[in-house]
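Asks: I'll drop the sequence and a predicted model, then ask my questions.
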Amino acid sequence: MQFKQFFLHYSVDQVLRSVSSADFSSFENNDLSLDFTMDEIGADKRYQVKLSPKKQLTLDNFYIVSAFDYKESRGVFCNGFQSWTETKIFPKEERLAGQKRYIKKIAQAYGDGLFYDYKNKEGVAHSWTYTYIKLPKRKIFFLGSLNDTEGYTFFEHHANEHQLLLSKECKGKHIEHPFLLLDIFVAQSEEDKCFHNYFELQQLSTLKVQPAMGWTSWYYHYNQINEKIIEDNLKAFSKHKVPIEIFQIDDGFQKAVGDWLNFNDRFPNGVKGIVEKIHAQDIKAGLWLAPLTCEHDSFIVNEKPDWILKDKSGAFLKIGFNPMWSYWFYALDIYNQEVQAYIKKVFDTVFNDWKLDMVKLDFLYGTALVPRNGKSRGEIMHDAMQFLRTCAGDKIILGCGVPLCAAVGTTDYCRIGPDIHLNWDFSLLKWINARERPSVKNAIHNTISRRQLSGKWFWNDPDVLLLRKNKNKLTTEEQYSLLLANLLFGHLLFTSDNIEEYDEHTLQIYKSIFPLMQVDDVRVGYDREFYTIDFRVKNKNYLALINVSDTSKMYRLPKNLYFDNTAQNLINGDKVIEIPKHSSKCYLNIGHTPFSIAGSKGHFFAGAEVEQLYLSNNQIELDWTDGILNSVTLFIKIPNDYQVESVNGSKNFSRIEKGEYAILQVEKDKL
């Protein structure tokens, strides 16, 4: 990458001025000076641009045009604007289009459509906060902002012109003192190394919570919940002895969105009694709020209209449209003192009176769509998230609908993908190019593509998994693909299913994900909406194949012996297999060692039920993994000439001859 020219647009006394230069040592005029520095950090680089004003300035935008050769690019990673925005590796020839004009007002405010000019041009794509270009030999060229607290940073790829723009979205920011305008980390290396070094420079705090499993009411009942529905679902977990950590009441308890302290008729007793019942099962209680938002029928619209952000015409700023509410909804002004007092009161009631342990805070993007008070959008979003963290104290925050850079250090868990849908994709919203639309396909893309953030910025919430058959149009294969992606890369795993309605087989599948396993040594390959994922769980090797495309994919399995965790059979590699559209596979890689775990029935990740296998004098000893909910059948591969006398001191096992080797079948409950 070679810097070519910079451009700065700003105002002095409301007069717009522009400066540009190809000199990246320093720049000075009567209004300001710019200093450009580059520090080498090993093989990596850190570029900074410092702006020192001589007068009071109001910034409009700043960007650097650089040259970059995209000829060897294997794709461009683009991080979407907020939690729900489509995020993945795009082909370098991609045409990233904005929403269709005649329906734009309904959904464009969810993302960056109100302030980013979509070029709708082949080879042009943009990314917020960080980006990378895939290169040959598993290398990437990585760029990441180290300073988005006073303005968003974004990167615009022009692959056909071999140009890369580094930009600061700083419109409306007043400058009176020296200001770090841009702070960019740049690296070219293996993916894991680039991200590791990027996170190291950020000096991140250790996360205070752990990955968790739980339940939320949204995707079964949506906002039509009541006390009985909540309590019946809670009882189901107790009945089936499923040890979730968090039980969340979602949208539908309140009188209106924005009217948080008054319950609707379906919750005549409020939620305090339900919270007590949740705590009685040693489960944390969560509650959904959209604290910076109000719907049209809320008391805020009728009684406190000055709390609401206005557009240029003075009308309420519409930040979305929801037919399950009173259609249009609006953003509150986080700088309004009455708004702040109201939100503090809501949080105090939720945590200290109702005794909730966690809040899911949704639709947070809206308050920062309009630059104001001499602050940029990114700075407002940062201020809003800091305020919400102060209100919550040390309680758990699950962020949602938020630009991820503002969620760092303010949320414990954060949604990193869109709402799922009960179909594979939301066809109408896809047609209008709504990048924040509910979509299982995009949820999987986002879950895989933002995996590096989990455990660093926050724990990733990939949204729910669904296994139920009713009120659900996903095929079994599509459900499995969603489940697999969530288990591999999600660290807050919720379902909305009523597990009491599961048949025996479905309940067994659900229980197979407990306990949540740590996934290590991940290597992800990607080509044309097909993912290959090598990983390890408890010192065992696995291969996952996820096809999110609308056509079948052919894949040659490497030369090895595998166990298929759905078909429950052994497969020899070195052959081409077909992965149908929207479907996935997860294989235990058994390898060629004489003695090894060769599969199991019990946990989702075959073989994960065993911590260690020991051999001594024709005897096998097994250390079992704690927390497995299902009964376990284990398969052990041994040489065909090896005689086993006992397994964990028992002779209650069977032997299956396979020619080159033999398989022992062990039932844990019978040992």
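Replies: Perfect, thanks for sending it.
Asks: and the contacts of stretch 515-523?
Replies: The contact list for stretch 515-523, computed with Cβ atoms under 8 Å, 6 or more residues apart in numbering, reads 138, 211-213, 451, 487-489, 491, 493, 533-538, 603, 605, 608, 625-628. In this view, the C-beta of every residue, glycine as well, is placed from N, C-alpha and C.
Asks: pLDDT averaged over it, what's the number?
Replies: Across stretch 515-523, the average pLDDT comes to 97.
Asks: where does the spatially most central residue of the chain land on pLDDT?
Replies: In the chain, the C-alpha nearest the mean C-alpha coordinate belongs to residue 416, at 2.0 Å (Cα atoms, centre = their mean). On the pLDDT scale, residue 416 is placed at 98.
Asks: list the contacts of the residue nearest to it when sequence neighbours are not counted.
Replies: Spatial nearest neighbour of residue 416, excluding adjacent residues (Cβ to Cβ, 6 or more residues apart in numbering): residue 450 at 4.3 Å. Counting by Cβ under 8 Å, 6+ apart, residue 450 makes contact with 79, 87, 404, 416, 417, 460.
Asks: list the buried ones in stretch 112-119?
Replies: Buried residues in stretch 112-119, counted by 16 or more other Cβ atoms under 10 Å: 112, 113, 114, 115, 116, 118, 119.
Asks: I'd like the residues you listed as a markdown table, with pLDDT, distance to residue 58 and secondary structure appended.
Replies: What follows is these, written out as a markdown table (pLDDT from 0 to 100; distance: Cβ to Cβ, whole Å; DSSP: H, G, I helix; E, B strand; the rest coil):
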| residue | pLDDT | distance to residue 58 | secondary structure |
| --- | --- | --- | --- |
| 112 | 95 | 21 | coil |
| 113 | 92 | 24 | coil |
| 114 | 91 | 19 | coil |
| 115 | 93 | 16 | coil |
| 116 | 94 | 20 | coil |
| 118 | 93 | 25 | coil |
| 119 | 92 | 26 | coil |
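Asks: would you agree residue 18 is in contact with residue 6?
Replies: No: at 11.1 Å, residue 18 and residue 6 do not qualify as touching, with contact defined as Cβ atoms under 8 Å.
Asks: these two: who's more crowded?
Replies: Using other Cβ atoms under 10 Å as the criterion, residue 18 and residue 6 rank with residue 6 on top: 23 against 10.
Asks: so that one bridges to which residues?
Replies: residue 21, residue 64 (DSSP bridges).
Asks: that one contacts residue 61, correct?
Replies: No: applying Cβ under 8 Å as the test, residue 6 and residue 61 come out as separate, 11.2 Å apart.
Asks: picking that back up, which residues sit in contact with the residue nearest to the centre of the chain?
Replies: 83, 87, 404, 446, 447, 450, 453, 454, 460, 461, 462.
Asks: which ones among these map onto helices?
Replies: 404, 446, 447 (DSSP state H).
Asks: not counting sequence-adjacent ones, nearest residue to the last one?
Replies: This points to residue 447. Closest to residue 447 by Cβ to Cβ, 6+ apart is residue 462, at 4.1 Å.
Asks: ok, the one you found touching residue 494?
Replies: No: using Cβ under 8 Å as the test, residue 462 is too far from residue 494 to be in contact (9.2 Å).
Asks: where do the helices sit along the chain?
Replies: 104-107, 191-202, 218-221, 227-239, 272-280, 299-303, 337-348, 377-392, 404-407, 427-431, 440-449, 476-489, 504-511.
Asks: closest one to residue 289 among these?
Replies: Among the helices of the chain, helix 337-348 comes nearest to residue 289, with 7.1 Å by Cβ to Cβ.
Asks: let me know the angle separating that closest one from helix 377-392.
Replies: With axes from the mean of the first three to the mean of the last three Cα atoms, to 10 degrees defining the directions, helix 337-348 sits at 40 degrees from helix 377-392.
Asks: could you report the distance from residue 2 to residue 156?
Replies: 16 Å (Cβ to Cβ, to the nearest Å).
Asks: so for those two, which residue has more residues nearby?
Replies: residue 156 (21 against 9).
Asks: how near is the more buried one to residue 82?
Replies: 18 Å.
Asks: also residue 124?
Replies: From residue 124 across to residue 82, the span is 20 Å (Cβ to Cβ).
Asks: just want to know which of the two has more residues nearby.
Replies: Neighbour count, other Cβ under 10 Å: between residue 124 and residue 82, residue 82 has more, with 29 against 21.
Asks: so what's the more buried one scoring on pLDDT?
Replies: 98.
Asks: ok, it - contacts?
Replies: So residue 82 contacts 110, 111, 365, 401, 402, 403, 404, 436 (Cβ under 8 Å, 6+ apart).
Asks: same thing but 10 Å
Replies: 110-112, 128, 363-365, 368, 381, 399-407, 415, 418, 435-436 (Cβ atoms under 10 Å, 6 or more residues apart in numbering).
Asks: and if you look at residue 336?
Replies: 304, 306, 307, 308, 309, 342.
Asks: backbone dihedrals for the residue nearest to the centre of the chain, please?
Replies: phi -120, psi 10 (degrees, to the nearest 10).
Asks: so, low pLDDT: which residues of the stretch 501-650 of the chain?
Replies: Nowhere does the stretch 501-650 of the chain drop to pLDDT under 70.
Asks: domain parsing for the chain?
Replies: Here the domain parsing of the chain from automatic domain parsing is 2-202, 212-497, 523-670.
Asks: make TSV out of those domains and add distance to residue 504.
Replies: Output for these, formatted as TSV (distance: least, Cβ to Cβ, whole Å):
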stretch	distance to residue 504
domain 2-202	35
domain 212-497	11
domain 523-670	11
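Asks: okay, those, which one's buried deepest?
Replies: Neighbour counts (mean count of other Cβ atoms under 10 Å) averaged over each of those peak at domain 212-497, with a mean of 20.
Asks: about what we covered before: can you add distance to residue 296 and give the contacts of residue 450 back as JSON lines?
Replies: Putting the contacts of residue 450 into JSON lines (distance: Cβ to Cβ, whole Å) gives the following:
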{"residue": "79", "distance to residue 296": "32"}
{"residue": "87", "distance to residue 296": "31"}
{"residue": "404", "distance to residue 296": "29"}
{"residue": "416", "distance to residue 296": "30"}
{"residue": "417", "distance to residue 296": "28"}
{"residue": "460", "distance to residue 296": "33"}
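Asks: just flag the most distant two among these.
Replies: Across the contacts of residue 450 (Cβ to Cβ), the longest gap, 13.2 Å, separates 79 and 460.
Asks: which residues are common contacts for those two?
Replies: Contacts common to residue 79 and residue 460, judged by Cβ under 10 Å, 6+ apart, are 404, 416, 446, 450, 453.
Asks: ok, the third one - contacts?
Replies: This means residue 446. 79-80, 83-88, 415-418, 439, 460, 462-463, 485, 489.
Asks: from residue 363, how far off is it?
Replies: Counting by Cβ to Cβ, the gap from residue 446 to residue 363 is 18 Å.
Asks: which secondary element of this protein has the worst mean pLDDT?
Replies: Comparing helices and strands within the chain by mean pLDDT, DSSP states H and E singles out helix 104-107 as the least confident, with a mean of 68.
Asks: list the residues that contact the nearest residue to residue 405 once chain neighbours are set aside.
Replies: With sequence-adjacent residues excluded and distances taken as Cβ to Cβ, 6+ apart, residue 405 is closest to residue 148, at 4.0 Å. Neighbouring residues of residue 148 by Cβ under 10 Å, 6+ apart: 128-130, 154, 168-169, 183, 376, 378-379, 381-382, 403-406, 408.
Asks: with residue 542 instead?
Replies: 488, 519, 522, 533-536, 562-563, 565, 586-589, 605-608.
Asks: keep only those of those residues that are in strands.
Replies: Taking DSSP state E as the definition of strands, the contacts of residue 542 contribute 522, 533, 534, 535, 536, 562, 563, 586, 587, 588, 589.
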